[in-house]
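Student: Would you be able to build a 3D model of this:
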Amino acid sequence: MSIVRLYIIFILVSILIIWKPASSQNLAGVVYDSSTNIPLAFANIGILGKPNGTVSNSNGHFYLSLKGIDDTDTLICAYLGYITQKISVTSFEKSISIAMIESATGINGVVILANPMSPKDIIELILKNRKQNYPTVDVKDQVFSRNQTEMHNQKFKLKLKKSTIDYFTDEMFSDISKNMPKNFLEYQDWLYNMYIYDGEYKKQKIKGIAHSEGNLDEIERIGDEVVEILDNMSGEGLYWKVRSGPFLSVKIDPDEGAHSQDSAVAINDSIAEVIDTLAIGKGYNMINFKINQYIWRSDFLNKPGRYKYTIDGGIFINDESVYVISFKPNGRGLEGTMYVSTTTYAILRVSFVLPDGVKGEGLKMFGVEYRNLAKEGIIYFQAYEGAYRLKYMMISETIRVGIKRPLGFVQKKERFLFDKKIEEVNFKLHSVFIIKTTNEILITETEPITKQQFESVKINKELKTETVDQYNDPSIWEGYTIIEPTQEMKEYRAKRR
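Tutor: A predicted model of the protein is given here:
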């Protein structure tokens with residue numbers, strides 16, 4: 001045997017070793033319709049009999065960790081209305097294309113005739129069986145989240161009315177108005193473990209990355225300077241008040257925090273406290289908050305008199321037969337489709353959208369405007385140990401926020417009868433922003449935990465995101481299952497001044 005042939009054999013063997021599925025590798029792939037070659041978004045991809053799993057993105061692409069996968073394992077790909085594909089792990093390397101074939105088998109007519117119920121009867125059973133179908137389970141979930149924020153500045157103008165502090169000038173306020181970006185875009189990805197035991201939650205961060213466009217450096221610099229100036233001017237017996245108009249004001253006390261000065265501010269402070277509790281409060285799971293908002297507290301489940309429902313037949317999801325029920329409001333509201341098990345009456349999947357031209361909820365009073373312009377989402381669940389648990393959720397919301405009010409802050413010195421005004425800055429703010437947020441959650445792995453394991457978890461709040469210039473670096477999430485970035489995200493590169 002020649003030296004050249006030995007060398008070629010060595011290279012081939014090395015390639016096979018390197019490309020063999022192992023704990024440090026990931027599988028990239030695409031899911032598409034076998035007839036049309038159209039990519040299929042939100043397909044469910046996983047390993048048969050194991051908790052590993054992911055979903056395809058809007059381009060049909062997915063990214064799955066092969067950690068703990070053996071040669072005897074089977075990849076499974078499921079999509080609504082298509083035949084579930086099962087592929088041996090030994091038949092692919094580091095990338096794969098999965099052609100999905102539309103299913104000719106449905107349950108139209110058969111199940112409906114056997115169970116002659118109206119959509120509203122089914123909804124009653126959904127609510128009746130909710131606790132049984134969605135119990136709290138003691139588990140450790142590995143969660144991947146992606147948050148995208150787009151901010152479009154339609155108007156931003158600050159005008160100084162009066163200032164007794166030299167730092168605050170007409171030129172400074174003009175610079176802030178000019179430096180506010182017209183558009184701002186940020187992506188933020190997080191991978192973390194969510195520990196759940198006896199209804200309590202602990203979140204342990206693993207890794208986070210951030211990616212943004214729109215320079216806010218100058219605005220942040222001015223903000224830091226303002227805070228430093230106000231802090232340096234503080235002293236014994238002195239305090240600051242932030243006010244908006246003659247009736248709204250808040251006293252800022254460094255030692256005791258903000259105190260409301262009237263009933264309106266007291267209400268605002270209470271709302272802020274509730275929001276903080278929902279966002280970061282101990283033991284509160286924000287994922288459940290969104291599920292409750294868009295499913296369990298939704299009008300299409302709780303106010304059926306306001307909706308029209310149609311049973312569009314049935315299909316199979318993960319070998320479970322489901323009713324396909326579309327819902328449409330008689331007036332304003334979300335419309336969509338829910339997929340309900342014909343045996344347990346659990347919602348396996350729901351998709352919804354605020355139709356074009358329909359105004360969402362909002363308010364406009366006292367110079368403050370808030371309006372929902374668009375909403376869409378998809379939420380689906382997967383069976384786990386006799387229960388149904390969240391597998392994937394995507395919520396996209398677009399709002400219009402406007403403020404046209406006088407604002408200011410004043411420094412006062414405490415006295416026996418009436419506090420004395422020391423310094424004062426008053427200005428007007430007129431701003432209008434269109435803000436679109438898209439939040440995705442993927443449960444990539446699930447395993448049971450004990451009370452001892454839960455109590456030993458240490459929360460690492462200090463872990464911050466790492467800033468990256470682009471998403472197309474495959475080493476960023478090597479060894480982890482994530483939501484594959486879309487082609488648009490991969491091609492996008494952060495623009496920096």
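
Student: can you give me the strands in the stretch 251-400 of the chain?
Tutor: Using DSSP state E, counting those that start in this stretch, the strands of the stretch 251-400 of the chain run over residues 257-260, 307-317, 320-329, 335-341, 347-353, 362-365, 368-384, 387-413.

Student: Report all helices and strands that the fifth one contacts.
Tutor: Just to be clear, that refers to strand 347-353. Strand 347-353 sits against strand 320-329, strand 335-341, strand 368-384, with contacts defined as 3 or more Cβ pairs under 8 Å, 6 or more residues apart in numbering; DSSP states H and E. The C-beta positions use only the backbone N, C-alpha and C, and glycine is treated the same way.

Student: Please produce TSV containing the ones you listed, extended by distance to Ile482 and mean neighbour count.
Tutor: Converted to TSV, these look like this (distance: least, Cβ to Cβ, whole Å; neighbours: other Cβ atoms under 10 Å):
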stretch	distance to Ile482	mean neighbour count
strand 320-329	27	19
strand 335-341	25	21
strand 368-384	18	18
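
Student: Now render those strands as a markdown table, adding mean pLDDT and distance to Val457.
Tutor: Formatted as a markdown table, these follow (pLDDT from 0 to 100; distance: least, Cβ to Cβ, whole Å):
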| stretch | mean pLDDT | distance to Val457 |
| --- | --- | --- |
| strand 320-329 | 91 | 33 |
| strand 335-341 | 94 | 33 |
| strand 368-384 | 90 | 20 |
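
Student: Quick one: closest of the ones you listed to Ile69.
Tutor: strand 368-384 (18.7 Å; Cβ to Cβ).

Student: Given that closest one, what are its sheet partners and their directions?
Tutor: As defined by DSSP bridges, the strand partners of strand 368-384 come to strand 347-353 (antiparallel), strand 362-365 (antiparallel), strand 387-413 (antiparallel).

Student: For that strand, what is the distance to the chain centroid?
Tutor: With Cα atoms, centre = their mean, to the nearest Å as the basis, strand 368-384 stands 9 Å off its chain's centre.

Student: what's the angle from it to strand 320-329?
Tutor: Strand 368-384 and strand 320-329 are oriented at 170 degrees to each other (axes from the mean of the first three to the mean of the last three Cα atoms, to 10 degrees).

Student: okay, the angle between strand 368-384 and strand 335-341?
Tutor: 20 degrees.

Student: quick check: angle from strand 368-384 to strand 307-317?
Tutor: 30 degrees.

Student: circling back to that earlier point, quick one, which of the strands paired with strand 368-384 is packed in tightest?
Tutor: Greatest average neighbour count among those goes to strand 347-353 (a mean of 21), per mean count of other Cβ atoms under 10 Å.

Student: returning to that earlier point: export the strands of the stretch 251-400 of the chain to CSV and append columns for distance to Glu218.
Tutor: Formatted as CSV, the strands of the stretch 251-400 of the chain follow (distance: least, Cβ to Cβ, whole Å):
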stretch, distance to Glu218
strand 257-260, 27
strand 307-317, 49
strand 320-329, 45
strand 335-341, 43
strand 347-353, 38
strand 362-365, 31
strand 368-384, 26
strand 387-413, 20
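
Student: right, and those - which one's nearest Glu171?
Tutor: Closest approach to Glu171 among the strands of the stretch 251-400 of the chain (Cβ to Cβ): strand 387-413, 18.3 Å.

Student: following that closest one, which helix or strand shows up next?
Tutor: Scanning forward in sequence from strand 387-413 by DSSP states H and E, the next helix or strand is strand 420-448.

Student: Which parts of that next one count as buried, going by neighbours?
Tutor: For strand 420-448, the neighbour count (16 or more other Cβ atoms under 10 Å) marks 423-429, 431-436, 438-446 as buried.
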